[in-house]
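K.L.:
pasted the sequence and its predicted model underneath.
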Amino acid sequence: MSIQLVTDAAQAEAEATRVASPLAVRGLTVSYGQTPAIFSVDMTLRAGAMTAIVGPNGAGKSTLLKAALQVITPLAGTVTVFGQPLERMRDRIAYVPQRASVDWDFPTRVIDVVLMGMYRQLGLLGRVRAKHRAQAMRALERVGMTDFATRQIGQLSGGQQQRVFLARALAQDADIYVLDEPFAGVDAATEKAIIAVLKDLRDTGRTVLAVHHDLATVPDYFDDVVLLNTQVIAAGPVAEAFTEDNLQAAYGGRLTTARVDPESAVG
Amino acid sequence: MLAEALFLQLGYNATLVTLGAALLGIAAGVAGTFLFLRKRALVSDAISHATLPGVGLAFVVMVALGGDGRWLPGLLMGAAVSAAIGLLCVQWLTTRTRLGEDAAIGAILSVFFGLGIVILTVIQTMRVGQQAGLEGFLLGSTAGMLRNDAILLAVSAAAVLALVLILRRPLELAAFDPGYAEATGWSLGRIDLAMMGIVLVVTVVGLKVVGLILIVALLIVPAVTARFWTDRAGHVVIIAGAVGGVSGYVGAATSAIAPALPTGPIVVLVGFSIFLMSLLFSPGRGVLASVLLHRRYQRRVHMRQGLLALAQGQPIFEALTRRLMCRDGLILPDGVATAEGQAAAAKALLDETRWSLVRADNSFAVAATRYDGLTPIEDVLTPDQLRDVDSRIAAPKAVT
Amino acid sequence: MGPEFVALSLTPLLIGICVAVACALPGNFLLLRRQALIGDAISHVVLPGIVVAFLLTGMVATGPMLLGAAGAAVLAVIAIEAIRRLGKIEAGAAMGVVFTAMFAGGVLLLERSDTSSVHLDVEHALYGNLESLIWLDANGWTSLTDPAALAGLPVELPRMALALLVVAAFIFLFWRPLALSTFDEGFARGVGLRTGPLGLALVVVSAIAAVAAFDAVGSIIVIAMFICPPAAARMMTNRLGHQVAWSAGFAALAAILGYVLAGYGPLWVGASASVSAAGMIATVSGIILAVTAVAGPHRTRGS
């Protein structure tokens, strides 16, 4: 085993890819206590692509998202957005946390939640003007929730809650959309609606990154995939990285129930 | 003086009170552990504050009936009744309204306490109210207790302890394994009710010793302290009982030689000192141990990442990584690897390659769970297995 | 309402209202963050903070006391957080350990030191003495425009009004970040909000309200006002702005009704002396909560 030789040219090319990437993380490590949730993760998103993070339970998928957005503080590692430090580029990213992570009993209406997405535009005391409201309503319209604008959020179904969260991100009008388990516990119609919106975002040049748990739909929904199990097992276009061998490596013996069967996955 | 007090040389009453406080402390420590493990520690705060209106009303009623308002058993019965009402109110608010348990606890404890204060001010205006001495229930006062009261305290503390010990099995079951308890036919609701009953009795008996503002500490502090020393359920109960007992004993003994000081704060501070020592110095979860462990871990992670970057010819971005590697002579200040650094980097890369093979291979499933990015593979595999892995690195199979 | 009202009741009433509203405003956010008992903890640790400040400076002055109490509140919150994280102890239990220990320390310090020259004792700390804050220089409503009489206002009134102003300004200024980080902390951090310092600022502002109030009315009313009016308001509406408005209204109502009942209630039933106003205000806030819990339009989840 000898140390791999990397030419200066190859290194420069890798650096150029990283700078051009909407979101690139390098050496990202997060640990809860003494065990790493993710270890030394490198991930470089392709601009204008939809990327899925896939891996078994406890593989650190959500942790990777949160650490990439510095929602949690990593033990080590760097994050760049279009080659710049994340802190300066917050406006370019819209984040959709897990639906279950908030208290839906909070006293607020659907439209107010969407307006929360415009926090960076509005600032501390900026007035909510007609154009902001219109922007929020357009976002709601894209997820089919216009009729629910003045509804109390506690009265929504799981799927409707997820649509509201997506609308909040849409109102931010960002370049990069980062979603944590957007299809967890939602009805089939909502799943369809959400994926349509995400594909639409991609087709207008936005970059999408989502934690996804349903292996069967990965090839349908996504362009690129990151297979994660504490470390990155494989990453790249679905056709290249989403292979039986790589899945086996990521899931170990645990794939028996979730195995993608090429024949049944089509149906 | 303190030595005399600690060795129970200060007369019959003081001895009774001290022993009673110790027994009460043990009972509170044990009962509090169950409360703590059911994540309802602060319910006891509502229960204890809710005793005040009962104490006041009992006094008023006993005076109105022509008796002596200071009769302790009567006051304690009043305390128990209003504490039970307060507990029911907390339960009702939590189940019937959208309020969380924390809000319900805060609301009940403040309102009942406020009502209690109103009743105390009424009593102060009564002819017999001036010497009622009900303030002693706020912070506890054991000095100069009447003999009957001292006997009552010691006997009821012993009874509470006995009760706790009798009900220990179902309580343990509900606290440590509620699912199993339900499956084996126990009703969690009933066990919780029994637990709250015990907490209520501990509170009422503790009123005279610790006072209603601080009794919650006697229930919580021992359990939290014990948690720093062990992960074993049974041990938590024993350690908590011991901490509670020592707090009660030392607190009451100290109070016997300093009658001007309220007993409650002393008891609480003794317990808290034990807690503080545990927080700082306990080997597993203590602050000192955690900080040291975390720093060492962070350094290992940075070092490993630095070595891997070196092996793959990538630049090292993070300042901390560079500093650590420079200090160990693995790289020069300008980032170039030394001979030593090159060797270490090659070793790290080899380790990582071996690991990735092991993790991909189902026959190593057990070993793969030991992966944390840091453990050298030699610690996990036998030399034979290692040779097996290495042979596969030498002859890589075709990858798609 | 004649001159007697102005001299004897106006200032305690105003102080009571300021206290109630100043505590209820941050209480809304504490309630929604499931940190209602932080209010309880704060009001307990105010005592040791004030006692330590007094022992260090040797006088009862507002500045050092405010600093001492705010410092104690911050210390308590940090200690609670440290115990919670390091020991993996549930927040409620961590809170119970910290505030009881600090309160016990405060009581012992107080009893051991010579504070007889100043009115600083445990009972006063618990339920204050709102009724004594009268305006002796007033002889009618005209005194409100008389500079000489105004100079004789009890110092607690302007102090409490200032505290209310600070609290209200904080809530107004940071309304959006507070609402956002309370509802969805992960998202708030995602848009770059520093939720940690913001949460600490909320605690400090609550502590400012608690300290200013503590001096005038004691800690029991502080806990009641942190929790009861916001909890009652939550059952009246499903919108944050409306909830905060309702809570301020309920707080003021409790203060007025409580004060009046404490002062005049006993007279109505034929007794001569009044009862504790602080206790009565807390009791009335409990009655308001009880009414909304039984009849509030949004009292249950999903309603």
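P.N.:
Looks like it arrived, so ask away.
K.L.:
could you use CA atoms for every contact and neighbour count after this?
P.N.:
OK.
K.L.:
who are the packing partners of the longest helix along chain C?
P.N.:
Ordering each helix of chain C by length in residues (DSSP state H) puts helix C:240-268 first. With contacts taken as 3 or more C-alpha pairs under 8 Å, 6 or more residues apart in numbering or on different chains; DSSP states H and E, helix C:240-268 sits against helix C:11-32, helix C:219-234, helix C:277-295.
K.L.:
and the last one with helix C:219-234, angle?
P.N.:
So the one you mean is helix C:277-295. 20 degrees (axes from the mean of the first three to the mean of the last three C-alpha atoms, to 10 degrees).
K.L.:
re earlier: can you redo the helices and strands packed on helix C:240-268 as a markdown table with mean neighbour count and mean pLDDT?
P.N.:
Compiled in a markdown table, the helices and strands packed on helix C:240-268 are given as follows (neighbours: other C-alpha atoms under 10 Å in any protein chain shown; pLDDT from 0 to 100):
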| stretch | mean neighbour count | mean pLDDT |
| --- | --- | --- |
| helix C:11-32 | 27 | 95 |
| helix C:219-234 | 32 | 93 |
| helix C:277-295 | 24 | 95 |
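K.L.:
skipping its backbone neighbours, what lies nearest whatever residue of the stretch 151-267 of chain A ends up closest to chain B in space?
P.N.:
For the stretch 151-267 of chain A, the residue closest to chain B is residue A:249, as judged by C-alpha to the nearest C-alpha, at 4.0 Å. Spatial nearest neighbour of residue A:249, excluding adjacent residues (C-alpha to C-alpha, 6 or more residues apart in numbering or on different chains): residue B:360 at 4.0 Å.
K.L.:
is it correct that the one you found is in contact with residue A:244?
P.N.:
No: if you go by C-alpha atoms under 8 Å, residue B:360 and residue A:244 don't touch, sitting 11.5 Å apart.
K.L.:
ok, those two, which is more surrounded?
P.N.:
Shown here are residue B:360 and residue A:244; by other C-alpha atoms under 10 Å in any protein chain shown, residue B:360 has more neighbours (21 against 14).
K.L.:
picking up where we left off before, before we move on, what SS does the residue of the stretch 151-267 of chain A closest to chain B have?
P.N.:
Three-state assignment for residue A:249 (DSSP: H, G, I helix; E, B strand; the rest coil): helix.
K.L.:
output the helix or strand bottoming out on mean pLDDT in chain C as PDB, restricted to C-alpha atoms.
P.N.:
When each helix and strand of chain C is scored by mean pLDDT, DSSP states H and E, helix C:122-127 comes last, with a mean of 75. Presented in PDB, the C-alpha positions along helix C:122-127 are these (Å, rounded to 0.1, in the frame of the first residue of the first chain):
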ATOM      1  CA  VAL C 122     -37.200  35.800  53.900                       C
ATOM      2  CA  GLU C 123     -40.800  36.600  54.400                       C
ATOM      3  CA  HIS C 124     -40.400  39.900  52.700                       C
ATOM      4  CA  ALA C 125     -38.600  38.200  49.800                       C
ATOM      5  CA  LEU C 126     -41.500  35.800  49.500                       C
ATOM      6  CA  TYR C 127     -44.500  38.100  49.600                       C
END
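K.L.:
off-centre distance for that helix?
P.N.:
14 Å (C-alpha atoms, centre = their mean, to the nearest Å).
K.L.:
what do you get for stretch B:343-356?
P.N.:
Per C-alpha atoms, centre = their mean, the centroid offset for stretch B:343-356 relative to its chain is 43 Å.
K.L.:
now it: buried residues?
P.N.:
Residues of stretch B:343-356 classed as buried: B:344-356 (neighbour count, 16 or more other C-alpha atoms under 10 Å in any protein chain shown).
K.L.:
JSON lines for the helices and strands packed on helix C:240-268, including distance to chain B?
P.N.:
Listed next are the helices and strands packed on helix C:240-268 as JSON lines, based on distance: least, C-alpha to the nearest C-alpha, whole Å:
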{"stretch": "helix C:11-32", "distance to chain B": "7"}
{"stretch": "helix C:219-234", "distance to chain B": "5"}
{"stretch": "helix C:277-295", "distance to chain B": "4"}
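K.L.:
helix or strand: which one has residue C:70?
P.N.:
helix C:62-86 (DSSP states H and E).
K.L.:
how many residues are close by the closest residue to residue A:230 other than its chain neighbours?
P.N.:
Leaving aside its chain neighbours, residue A:230 sits nearest to residue A:38 (4.2 Å; criterion: C-alpha to C-alpha, 6+ apart). By other C-alpha under 10 Å, the residues close to residue A:38 number 29.
K.L.:
residues making contact with the helix or strand where residue A:38 lies?
P.N.:
Residue A:38 belongs to strand A:35-44 when assigned by DSSP H and E. Identification of contacts with strand A:35-44 by C-alpha atoms under 8 Å, 6 or more residues apart in numbering or on different chains yields A:17-18, A:21, A:23-31, A:58-60, A:63-64, A:76-77, A:226, A:229-232, A:235, B:305, B:372-373.
K.L.:
what about the residues you listed, which are in strands?
P.N.:
Here DSSP state E is the test, and those give A:24-31, A:76-77, A:226, A:229, A:231-232, A:235 as lying in strands.
K.L.:
between the residues you listed, which is nearest chain C?
P.N.:
residue A:31 (13.8 Å).
K.L.:
what's near enough to touch that closest one?
P.N.:
Contacts of residue A:31 (C-alpha under 8 Å, 6+ apart): A:37, A:38, A:74, A:75.
K.L.:
and the second one, how far from residue B:53?
P.N.:
Counting by C-alpha to C-alpha, to the nearest Å, the separation of residue A:38 from residue B:53 is 55 Å.
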